[in-house]
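1. Need a 3D model of the following:
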Amino acid sequence: MLREAAEVVGRVPAETTQQAVGYPALFVLVALGALVPVIPTGALVSSAAVVAFHHQPLPLGVLLVFGVSALAAFVGDIALYWLGRRGVRSRGGSRWPESLRGRADPERLERARARLDEHGVLVLVLSRLMPAGRIPVMLACLLGGVPLRRFARGDAPACLAWAATYGLIGILGGSLFSDPWKGVALAVALTLLIGTAPALWRRLRGA
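-> Numbering: from 1, shown residues only. All right, here's what the predicted structure looks like:
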């Protein structure tokens, strides 16, 4: 029995094993990145798209990266918002909203409140695509008493747009280079540039 099992395992393609490990790991990391906004989830999605572009059948591999990333981002956002609402309602204080408030720039928070009042939860779609824009809008939703269902309806297309954007960056990197590591390097560089460009622009304007 053991020998037969070993032979079966030996016949399993390496790509199948990579899929079994890679997609769950991508889901966990992106979901954690939504809960703890220090993980570079955009770079993870772009890098995974590069690897899928080179090593998985097109377009199935890239679509799987897109679907897993969007679902993980949505799950992480909903979990964070649910925890935030529990904090708002708790008697002992709102630790999660206060933690989010500490991560958000006060000016960004005020702008998010104004845009949320003007355009509604649809602002979530743009906030997901803007660097450091998700937390102020989420906090504005929490403090404004937006129900979880309404937040989820706005967050679902936001996560889809976010996953598609960074997936396309990965496809671009994968199509330009025959070596996957070069495509990953380009995708990571582009995502870092997207993340740091607004802050650099504000500093230059301030100077």
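2. which ones are touching residue 169?
-> When contacts are counted by Cβ atoms under 8 Å, 6 or more residues apart in numbering, residue 169 is found next to 42, 46, 49, 187, 190, 191. For glycine as for every other residue, the C-beta is placed from the backbone atoms N, C-alpha and C.
3. Which single one of those residues is nearest to residue 87?
-> Among these, residue 42 lies closest to residue 87 (Cβ to Cβ), at 26.7 Å.
4. circling back to that earlier point, next, format the contacts of residue 169 as JSON lines and append neighbour count, pLDDT and distance to residue 87.
-> As requested, the contacts of residue 169 are exported to JSON lines (neighbours: other Cβ atoms under 10 Å; pLDDT from 0 to 100; distance: Cβ to Cβ, whole Å):
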{"residue": "42", "neighbour count": "26", "pLDDT": "88", "distance to residue 87": "27"}
{"residue": "46", "neighbour count": "31", "pLDDT": "90", "distance to residue 87": "32"}
{"residue": "49", "neighbour count": "30", "pLDDT": "91", "distance to residue 87": "35"}
{"residue": "187", "neighbour count": "29", "pLDDT": "76", "distance to residue 87": "35"}
{"residue": "190", "neighbour count": "18", "pLDDT": "78", "distance to residue 87": "35"}
{"residue": "191", "neighbour count": "24", "pLDDT": "75", "distance to residue 87": "30"}
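5. Show only the entries of those residues found in helices.
-> Taking DSSP state H as the definition of helices, the contacts of residue 169 contribute 42, 46, 49, 187, 190, 191.
6. I am finished for the moment; much appreciated.
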